[in-house]
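Novice: what follows is a predicted structure for the sequence shown.
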Amino acid sequence: MRQNHHAIKQVPKLLPSSHTKNRRARKYSFWRFSLTVLMTFSLLGLTGASGTEDKVKDLNLRIGIVQRFGAESTVKLQLEPTKDDRLKLRFQEGDKQLTLTTSNPVELEAVMQPLSSPAIGEVVVLGTYSTYETAEYSANKWRSQGIEVEIAQPDRWQVWAKREVYNTPLLRRLLFKSVQSTGNQLAFINTQVSPTVPRVNWIVNGKRYSPKNVEISTTKNLIRVKQGEKLDTTRVYAGKINFQPNAYGTYTLVNQVPLEIYLRGVVPHEIGTTAPTAALETQAILARTYVLRNLRRFAVDDYELCATTHCQVYYGLTGTSTKTDQAIAATRGKVLTYNNQLVDALYSSTTGGVTAYFSDVWNGKNRPYLRPVVDTPTQLWDLSKQSLADEKNFQKFISLKQGFNESQWNVFRWSKETPLDKIIEDLQKFLRAKNNPYAKFKNIEAMAITKRSPSGRILELAVKTDIGTFTLHKDEVRSAFAAPRSTLFYIVPLNKGKDELWGYAFIGGGLGHGVGLSQTGAQNLAKLGWSSQKILQFYYPGTQIKPLNEEIKF
């Protein structure tokens, strides 16, 4: 899972409370899916006992490929059948169930529809986070206190007080007051008063329809999707597509796709099509494991996974290749396990020379198979004797450039000088998104890294401002500034020949969170002749590759 820095945008409109009822019947669909997975394993006999991997049938996933259509009226969508095929659309129009078929492109246009009275959407936001992992940890803490919550992603990840429980203004304000009394300053009530709502018109054979739920299929199970202001992005998806409302007052295009076909749209875009075979097989096993372990991510929107770097990059059948298809077929049904459980199959682009504990980046319990591993095929650095928690050791480590699996990659080592006004701008924007009271600061007087992990990741970075000193923790550090590509860096104050502080140099290594496998490192090990099994053992010590079976726990 590669997680890149995303700019903070305005929070999209919330779904009016009246729409919530329409989705209650589906609120546990992702749990039902997990149960279906286990039942399917049992029925199909996917264990070695049957000895027939050719009996493996694909499990259908629900992937959000266009997550918030309708937020911008300039963005368009067009659905098309492939050659010599027809689109089939099923939807409710008034009191009638309609089924339309066409060989022509179907256009979707979003228009803002005025309301007779403004719609009010309101949630209690208990926290805003850069990653799902941090949001989930926070959500579990709230649940342990008896507060029912749900995880949403209007832009950044958020933990919401569950809307179906706190469903009146009075209940929401009583909860908010209770939360504030405990000293929590990051929670807030997000109220959106909207005089308009997005309405999506479907233009089919010259006629307009405005359904809120549509199922789209074809005879060949292939659908071409064009999107963008100029419809300049085209991708082909296998399976069916559902158009449905989400939790933000907009709409999501959800691809229903079999697991093994889904992987065809992931592997080439996560690791590339020219990687060595062993590295491609490694990526296929991890991508399969990752998706099955993360089916819960978008329960609030009634689908399972997104198609971006917040999950795994997925482009449908666009960009597939024979080489990646062969790697997926060679590992069909295989997942990575630890004590007969699916592992938390985290991976990133480039570790910077050393992998990290789970808790180096996120809050929560460490996974025994996710721990610091020096990313080199030889004994180049001994962490037991030279801990990277020590600043001198860390800077010496960053100065090393040769002998690592990633040495030839341009993001293995990096440095960037950033002026103070840019640092202030980025930090204020980050703090505003989190509703942090320190967002009102005007000037930075000094910054210092006050705590590192044994893998060298920044655990705490203190910022002294004109209104006080605050601390950034773990993955917050990577999201708060534009300069660093990971949390594996140190900073140097710069004056540029003047008396006052000009800015800071960020000097470090790696791209992404650095937990688990390095995609670039895996490619180097594969070139050295390592098998996919050996590569996975290197990055996830103590794990085993197993075929999917009913004994593996999710």
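Specialist: All right, it came through fine.
Novice: C-alpha only now, for contacts and for neighbours.
Specialist: Fine.
Novice: quick one: mean pLDDT for stretch 74-86?
Specialist: In this model, stretch 74-86 has a mean pLDDT of 95.
Novice: how about it: buried residues?
Specialist: By neighbour count on 16 or more other C-alpha atoms under 10 Å, the buried set for stretch 74-86 is 75, 76, 77, 78, 79, 80, 81, 82, 85, 86.
Novice: neighbouring contacts of it?
Specialist: Around stretch 74-86, the neighbours that count as contacts under C-alpha atoms under 8 Å, 6 or more residues apart in numbering are 69, 87, 101-110, 218-220, 222-231.
Novice: show me how far that stretch is from its chain's centre.
Specialist: Relative to the mean C-alpha coordinate of its chain, stretch 74-86 is positioned 27 Å out (C-alpha atoms, centre = their mean, to the nearest Å).
Novice: and residue 142, how many neighbours?
Specialist: With neighbours defined by other C-alpha atoms under 10 Å, the count for residue 142 comes to 16.
Novice: got it, and residue 538?
Specialist: Other residues near residue 538 come to 21 when the count uses other C-alpha under 10 Å.
Novice: repeat that for residue 276.
Specialist: By other C-alpha under 10 Å, the burial measure for residue 276, its neighbour count, is 20.
Novice: report the contact partners of the closest residue to residue 292 other than its chain neighbours.
Specialist: The shortest distance from residue 292 to any residue that is not its chain neighbour, by C-alpha to C-alpha, 6 or more residues apart in numbering, is 7.6 Å, and that residue is residue 554. For residue 554, the contacting residues are 292, 293, 341, 342, taking C-alpha under 8 Å, 6+ apart as the criterion.
Novice: and the second one, what's its pLDDT?
Specialist: Here the pLDDT value assigned to residue 293 is 96.
Novice: how about it: what's its closest non-neighbour residue?
Specialist: Nearest-residue entry for residue 293: residue 554, 6.1 Å, with adjacent residues in sequence omitted and distances by C-alpha to C-alpha, 6+ apart.
Novice: distance from stretch 425-439 to the middle of the chain?
Specialist: Stretch 425-439 sits 22 Å away from the centroid of its parent chain (C-alpha atoms, centre = their mean).
Novice: sorry, slip of the keys, the one I care about is stretch 422-441.
Specialist: Between the centre of stretch 422-441 and the centre of its host chain there is 23 Å, according to C-alpha atoms, centre = their mean.
Novice: give me the longest strand you can find in the protein.
Specialist: Among all segments of the chain classified by DSSP state E, the strand with the greatest residue count is strand 106-129.
Novice: quick check, nearest of the buried residues of stretch 74-86 to residue 387?
Specialist: Within the buried residues of stretch 74-86, proximity to residue 387 (C-alpha to C-alpha) peaks at residue 75, which comes in at 50.1 Å.
Novice: quick one on the thing from earlier: tell me which residues in the longest strand of the chain are buried?
Specialist: For strand 106-129, burial by neighbour count (16+ other C-alpha under 10 Å) applies to 106-111, 119-129.
Novice: strand partners (parallel or antiparallel) of it?
Specialist: When pairing is defined by DSSP bridges, strand 106-129 lines up against strand 76-81 (antiparallel), strand 157-161 (antiparallel), strand 188-204 (antiparallel).
Novice: show me what contacts residue 211?
Specialist: With the criterion set at C-alpha under 8 Å, 6+ apart, residue 211 makes contact with 91, 92, 93, 200, 201, 202.
Novice: before we move on, what about residue 99?
Specialist: 88, 89, 90, 91.
Novice: swap in 10 Å and give it another go.
Specialist: Contacts for residue 99 were tallied using C-alpha atoms under 10 Å, 6 or more residues apart in numbering; they are 88, 89, 90, 91, 92, 214, 215, 216.
Novice: what pLDDT does the residue nearest to residue 292 get?
Specialist: 74.
Novice: before we move on, the earlier item: just the buried residues of the contacts of residue 211.
Specialist: The neighbour-count test (16+ other C-alpha under 10 Å) applied to the contacts of residue 211 identifies 91, 200, 201, 202 as buried.
Novice: so the second one makes contact with residue 214?
Specialist: So that's residue 200. No: using C-alpha atoms under 10 Å, residue 200 is not in contact with residue 214, being 11.3 Å away.
Novice: need the worst-confidence member of the contacts of residue 211.
Specialist: Comparing the contacts of residue 211 by pLDDT, residue 93 comes last, at 87.
Novice: what's the nearest residue to it if we skip its chain neighbours?
Specialist: residue 211 (6.1 Å).
Novice: pLDDT value on the one you found, please?
Specialist: Model confidence at residue 211, given as pLDDT, is 96.
Novice: residues in contact with the helix or strand hosting residue 463?
Specialist: Here residue 463, judged by DSSP states H and E, is contained in strand 458-465. Surrounding strand 458-465, the residues in contact under the criterion C-alpha under 10 Å, 6+ apart are 359-362, 389, 424, 427, 438, 440-453, 469-478, 486-490.
Novice: hang on, the earlier thing: out of the contacts of residue 211, flag the one nearest to residue 399.
Specialist: If you rank the contacts of residue 211 by distance to residue 399 using C-alpha to C-alpha, residue 200 comes first, at 54.7 Å.
Novice: who's in contact with that closest one?
Specialist: Contacts for residue 200 (C-alpha under 10 Å, 6+ apart) come out as 69-70, 73, 107-113, 208-212, 250-251.
Novice: per-residue confidence at the closest residue to it other than its chain neighbours?
Specialist: Of all residues beyond its chain neighbours, the one nearest residue 200 is residue 110 (4.5 Å), with distances taken as C-alpha to C-alpha, 6+ apart. Taken from the predicted model, the pLDDT recorded for residue 110 is 93.
Novice: how near is residue 110 to residue 210?
Specialist: Counting by C-alpha to C-alpha, to the nearest Å, the gap between residue 110 and residue 210 amounts to 10 Å.
Novice: who touches both of those two?
Specialist: Jointly contacting residue 110 and residue 210 under the rule C-alpha under 10 Å, 6+ apart are 199, 200, 201, 202.
Novice: surely residue 289 and residue 332 touch.
Specialist: No: Residue 289 is beyond contact range of residue 332, at 11.5 Å (criterion: C-alpha under 10 Å).
Novice: about what we covered before: and which of the contacts of residue 211 is nearest to residue 409?
Specialist: Comparing those against residue 409 with C-alpha to C-alpha places residue 200 closest, at 44.8 Å.
Novice: how far away is that closest one from residue 488?
Specialist: Taken as C-alpha to C-alpha, the spacing of residue 200 relative to residue 488 amounts to 45 Å.
Novice: my guess is residue 190 contacts residue 127. True?
Specialist: No: with contact taken as C-alpha under 10 Å, residue 190 and residue 127 are classed as non-touching, separated by 11.4 Å.
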